[in-house]
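Student: Predicted model and sequence below, questions to follow.
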Amino acid sequence: MTHPTYASGTERVETWLAASTLHIRFNNPARHNALSVDMWEAVPPLLQLARDDDRVRLVVFSGAGEKAFVSGADISQFEDMRAAREAVVRYEAMAEQCLTGIHEFPKPTLACIRGWCIGGGVNVAIACDLRIAATDSVFSIPAARLGLGYRYSAMKNLVDLVGPGAAKDLFFTARRVDAAEAKAMGLVSRTCEPAALDALLAEYTTALGDNAPLTVATGKAIMREVLKPSPDLDLALCTALIRGCFDSADYTEGRNAFMQKRKPVFTGR
């Protein structure tokens, strides 16, 4: 049987197969592993290959270096990719394809987190089934400081994981939480000292390599059914509300303030 070779097509995403685990590592350390367009686009093809590869029982996402898992989207690309309406549509579709691909992947996925896990990094982490983190990790969802809209799928993943109370706390305040608080609210499952993170990850790669893959896959599929949304959901309303954020003066102000390293002044328009 011929097995696929895993190559991302960009040096900013590293991949390797170790025993039964496919590792996907975001490799943009100069920007704290901020997700650029090529990084978002590299993930879905890798997952498509891994879906039918019977060697793969677990996919692990991590960040290069010791400072960040993913520090968010690459803000330097916002003027080109998110400033205009057409660019917003393209960018959101690209990110949605990546995150939905992780969330709907039939085999277990794990985010191994160290350092900054911000915005898009949180979205990658909560799209995974499992999250482990070093005690030096920091989490935040800064959308409200940028004036951008948050997709329904990402919000649902957050609420499903931590509950509406903690989700509102994180989202409305945009505050940063440390690994201990993230664990207490259920954002991550387990934490450890940075030096022990490799050993903790090895526990999971070994367990998933040894356990019955059909049982695990069946369990994941059934859990996904349990969490499916109501048939009365108004996705069109969600999309319109998000589009209103991206079309607003507040979004322009938030983006400009971020680039200029100043506090934004929002007007609600």
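Tutor: Noted; the coordinates are in hand.
Student: mind listing the helices for the stretch 51-200 of the chain?
Tutor: For the stretch 51-200 of the chain, the helices defined by DSSP state H, counting those that start in this stretch cover 78-81, 85-104, 120-127, 152-173, 179-184, 197-210.
Student: Go through those and name the closest to Ser137.
Tutor: Closest to Ser137 of these is helix 179-184 (C-beta to C-beta; 4.4 Å). Heads up, the C-betas are built off the backbone N, CA and C, glycines and all.
Student: residues in contact with that closest one?
Tutor: Ala133, Ala134, Thr135, Asp136, Ser137, Val138, Phe139, Val188, Ser189, Arg190, Thr191 (C-beta atoms under 8 Å, 6 or more residues apart in numbering).
Student: Please convert the buried members of the residues you listed into ChimeraX selection syntax.
Tutor: This is how ChimeraX selects the buried members of the contacts of helix 179-184, with burial counted by 16 or more other C-beta atoms under 10 Å:
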select :133,134,136,137,138,139,188,191
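Student: on that earlier part again, same list as before, the helices of the stretch 51-200 of the chain that is, but in TSV and with mean neighbour count included.
Tutor: Shown next, in TSV, are the helices of the stretch 51-200 of the chain (neighbours: other C-beta atoms under 10 Å):
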stretch	mean neighbour count
helix 78-81	16
helix 85-104	17
helix 120-127	26
helix 152-173	17
helix 179-184	18
helix 197-210	15
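Student: Among the ones you listed, which comes closest to Cys245?
Tutor: helix 85-104 (9.5 Å).
Student: Arg131: how many residues sit nearby?
Tutor: A count of nearby residues for Arg131, using other C-beta atoms under 10 Å, gives 28.
Student: Could you check how far it is from Arg114?
Tutor: Separation of Arg131 from Arg114 (C-beta to C-beta, to the nearest Å) stands at 12 Å.
Student: of the contacts of helix 179-184, closest to Arg85?
Tutor: Phe139 (30.5 Å).
Student: what are the bridge partners for that closest one, then?
Tutor: Cys117, Val177 (DSSP bridges).
Student: who are the neighbours in contact with it?
Tutor: Cys117, Ile118, Val122, Leu170, Arg176, Val177, Asp178, Ala179, Ala182, Leu187.
Student: residue contacts, the fourth one?
Tutor: So the one you mean is Leu170. Leu170 is in contact with Phe139, Ser140, Ile141, Leu158, Val162, Val177, counting by C-beta under 8 Å, 6+ apart.
Student: and these as CSV, adding pLDDT and distance to Cys245?
Tutor: Compiled in CSV, the contacts of Leu170 are given as follows (pLDDT from 0 to 100; distance: C-beta to C-beta, whole Å):
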residue, pLDDT, distance to Cys245
Phe139, 98, 22
Ser140, 98, 18
Ile141, 97, 14
Leu158, 97, 17
Val162, 98, 22
Val177, 98, 23
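Student: In the stretch 51-200 of the chain, where is pLDDT below threshold?
Tutor: 75-84 (pLDDT under 70).
Student: What distance do you get for the residue nearest in space to the middle of the chain to Cys192?
Tutor: The residue lying closest to the centre of the chain (C-alpha atoms, centre = their mean) is Val124, at 1.0 Å. As judged by C-beta to C-beta, Val124 and Cys192 stand 20 Å apart.
Student: Arg51 - how many residues pack around it?
Tutor: Neighbours of Arg51 (other C-beta under 10 Å): 14.
Student: was I right about it contacting Phe105?
Tutor: Yes. Under the criterion of C-beta atoms under 8 Å, Arg51 is in contact with Phe105, at a separation of 6.8 Å.
Student: related to what we said a few turns ago, out of the contacts of Leu170, which is nearest to Gly254?
Tutor: Nearest member of the contacts of Leu170 to Gly254, counting by C-beta to C-beta, is Ile141, at 13.7 Å.
Student: Serialize the contacts of Phe139 to TSV and add fields for distance to Ala257.
Tutor: Output for the contacts of Phe139, formatted as TSV (distance: C-beta to C-beta, whole Å):
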residue	distance to Ala257
Cys117	22
Ile118	16
Val122	21
Leu170	21
Arg176	18
Val177	23
Asp178	25
Ala179	28
Ala182	26
Leu187	27
